[in-house]
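Colleague: Provided below are the primary sequence and the corresponding predicted coordinates.
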Amino acid sequence: MAIAVCMGLCMGLVMSLVMTLANIGLVRGFFIKWMNAFAVGASIGIPLAMVVVPFVTKQLQKIAVD
């Protein structure tokens, strides 16, 4: 479960940084805008990762065993 949370945080942080840079560039107040985007991304990414990571892990274990 901790891996899923870390994955959601890391992905949300990097993706929100890239998307904020792509959309508005380095402007005054960039950090606050980035953190706002990160808060939205993390609130979606963490729960999603908590559901998807265990499912994918189980599927990969089935494939690896066969």
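Modeller: Done, it's in.

Colleague: what strand or helix carries residue 31?
Modeller: Residue 31 is part of helix 30-65, with elements assigned from DSSP states H and E.

Colleague: from the contact counts, what lies against that helix?
Modeller: The contact analysis (3 or more Cβ pairs under 8 Å, 6 or more residues apart in numbering; DSSP states H and E) places helix 30-65 against helix 2-24. Glycine gets a C-beta too; all of them are placed from N, C-alpha and C.

Colleague: tell me what angle the helix it packs on forms with helix 30-65.
Modeller: Relative orientation of helix 2-24 and helix 30-65, computed by axes from the mean of the first three to the mean of the last three Cα atoms, to 10 degrees: 140 degrees.

Colleague: identify all contacting residues around helix 2-24.
Modeller: 30, 33-34, 37-38, 40-42, 44-50, 52-54 (Cβ atoms under 8 Å, 6 or more residues apart in numbering).

Colleague: mean confidence for the helix holding residue 31?
Modeller: Here helix 30-65 scores 91 as its mean pLDDT.

Colleague: how far off centre is that helix?
Modeller: Its chain's C-alpha centre and that of helix 30-65 lie 5 Å apart, by Cα atoms, centre = their mean, to the nearest Å.
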